[in-house]
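Engineer: sequence first, then the predicted structure:
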Amino acid sequence: MSFVDSNIFVYSLLAKQAPQKHSAAVALLSQPDLSLSSQVVNELATTLKRKGNVEDEELRGILDDIYFRFEVIDLISEDIFSAFELREQYHFSYWDSLIAATALRGGGARLYSEDMKHGLVVHGRMTIWNPFTHSITE
């Protein structure tokens, strides 16, 4: 199973923001067995409202589609405390640490994100992968 960060969804939905990343994001999201955390859903909603000027009705439809197509793992207190450890050990931002903690708990072998160091293996179990600089099939 692989986890997806919010930036992948943003690029897939807001092609004008970064047209060169749009096709890679769309291709990645067509892969099977992708999951995300509820933190990613929150970040996506905030970004689409702020940067994409997406109206509430359209946003509800986008989020409904995400919950239909992907497994969304809800945050629990364990993730919050694990995020502090990840932040200290790997120097992630708190929000990225929270996404990584949830992905680890969810059994993610790969976390697709452009915000963390490509190729980094977290706790010997999950590899960070930047799909905009490296093929998703490598």
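Structural biologist: That came in fine, so what should we check first?

Engineer: any weak-confidence spans in the chain?
Structural biologist: 135-138 (pLDDT under 70).

Engineer: ranges for the strands of it?
Structural biologist: For the chain, applying DSSP state E gives strands covering 2-4, 34-37, 71-73, 110-112, 121-122, 126-129.

Engineer: let's have those strands in a markdown table, adding mean neighbour count and distance to D56.
Structural biologist: (C-beta placed from N, C-alpha, C; glycine too.) Formatted as a markdown table, the strands of the chain follow (neighbours: other Cβ atoms under 10 Å; distance: least, Cβ to Cβ, whole Å):
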| stretch | mean neighbour count | distance to D56 |
| --- | --- | --- |
| strand 2-4 | 25 | 23 |
| strand 34-37 | 23 | 21 |
| strand 71-73 | 16 | 19 |
| strand 110-112 | 23 | 27 |
| strand 121-122 | 15 | 35 |
| strand 126-129 | 21 | 33 |
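
Engineer: mind checking the ones you listed for the one nearest to Y94?
Structural biologist: strand 34-37 (13.5 Å; Cβ to Cβ).

Engineer: so what does that closest one touch, helix or strand wise?
Structural biologist: Counting contacts by 3 or more Cβ pairs under 8 Å, 6 or more residues apart in numbering; DSSP states H and E, strand 34-37 is packed against strand 2-4, strand 71-73, helix 94-105.

Engineer: distance to K49 for those - can I get that in CSV?
Structural biologist: Converted to CSV, these look like this (distance: least, Cβ to Cβ, whole Å):
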stretch, distance to K49
strand 2-4, 20
strand 71-73, 19
helix 94-105, 17
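
Engineer: report the separation between the residue nearest to Y67 when sequence neighbours are not counted and Q20.
Structural biologist: Excluding the flanking residues, the one nearest Y67 by Cβ to Cβ, 6 or more residues apart in numbering is V41, at 7.9 Å. Using Cβ to Cβ, to the nearest Å, we find V41 at a distance of 25 Å from Q20.
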